[in-house]
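Engineer: sequence? don't have it. structure:
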């Protein structure tokens, strides 16, 4: 999976990658031996890395798997900024694909990590992305209840071609197909049986750039 969601408390940063690894493993109550086995390596692999400096740096695959498993940025384990997975807040709201979900504020209840290469391909920059869930059926079959959507808050200007956006209408958060027409925004549902979107001002929260769904 390209995205890993971690709902634990915010973590501090440690300068030395070995210290960061040991600290994260300790917090989770996991041994370096168990983590080495998880990587498919010799049981002493990470012990040697931490205590003897062998290998000098973690293999890119091992670093990525450890970062995802432990909820760390790859930079903390010795990766470059370009290698690091993008961290996204998981918001405690649900963009309704039905009648709408009324929310007073958007609260981060955890963090997700998005593969660095995927984040670049989606045009996501640090601080722009978030993950939210979906309720309702008005965007079926493309978007279904229970889907999780990655939203780019840096893209809030739908053009004539349109796209799928998270919007707020009269305080109600919803996911709709939005386009810009003649200086105005038009929001519609993909499901023809859905109720029309209220004819009220539309606030664009961000564009949906990635979608996750459990197999059915």
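Structural biologist: Structure received. Note that the structure is predicted; figures quoted are calculated from it, not measured. Numbering: from 1, shown residues only.

Engineer: By mean pLDDT, flag the weakest helix or strand of this structure.
Structural biologist: None of the helices or strands of the chain scores lower by mean pLDDT, DSSP states H and E than strand 3-6, at a mean of 43.

Engineer: Check which helices and strands the next helix or strand after that one sits against.
Structural biologist: Downstream of strand 3-6, the first helix or strand assigned by DSSP states H and E is helix 17-28. Counting contacts by 3 or more CB pairs under 8 Å, 6 or more residues apart in numbering; DSSP states H and E, helix 17-28 packs against helix 32-38, helix 45-52, helix 60-70. Bear in mind the C-beta positions are built from the backbone N, C-alpha and C, glycine included.

Engineer: And this protein, split by domain according to the record?
Structural biologist: What automatic domain parsing lists as the domains of the chain is 3-77, 86-212.

Engineer: And stretch 60-68, what's buried?
Structural biologist: 62-68 (16 or more other CB atoms under 10 Å).

Engineer: quick one: average pLDDT of that stretch?
Structural biologist: Across stretch 60-68, the average pLDDT comes to 86.

Engineer: what would the helices and strands packed on helix 17-28 look like in CSV with distance to residue 129?
Structural biologist: Listed next are those as CSV, based on distance: least, CB to CB, whole Å:
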stretch, distance to residue 129
helix 32-38, 27
helix 45-52, 31
helix 60-70, 17
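
Engineer: Just want the phi and psi numbers for residue 182.
Structural biologist: Main-chain torsions, residue 182, degrees, to the nearest 10: phi 60, psi 40.

Engineer: repeat for residue 178
Structural biologist: With angles defined as degrees, to the nearest 10, residue 178 sits at phi -120, psi 140.

Engineer: tally of neighbours for it?
Structural biologist: Residues lying near residue 178 (other CB atoms under 10 Å) number 23.

Engineer: swap in residue 58?
Structural biologist: 23.

Engineer: need the contact list for residue 170.
Structural biologist: 198, 200-201 (CB atoms under 8 Å, 6 or more residues apart in numbering).

Engineer: out of those, who has the most neighbours?
Structural biologist: residue 198 (13 neighbours).

Engineer: tell me the SS of that residue?
Structural biologist: Of the three states, residue 198 takes coil according to DSSP: H, G, I helix; E, B strand; the rest coil.

Engineer: Not counting sequence-adjacent ones, nearest residue to it?
Structural biologist: In space, residue 198 comes closest to residue 169 once its chain neighbours are excluded; the distance is 5.7 Å by CB to CB, 6 or more residues apart in numbering.

Engineer: Okay then, goodbye and thanks.
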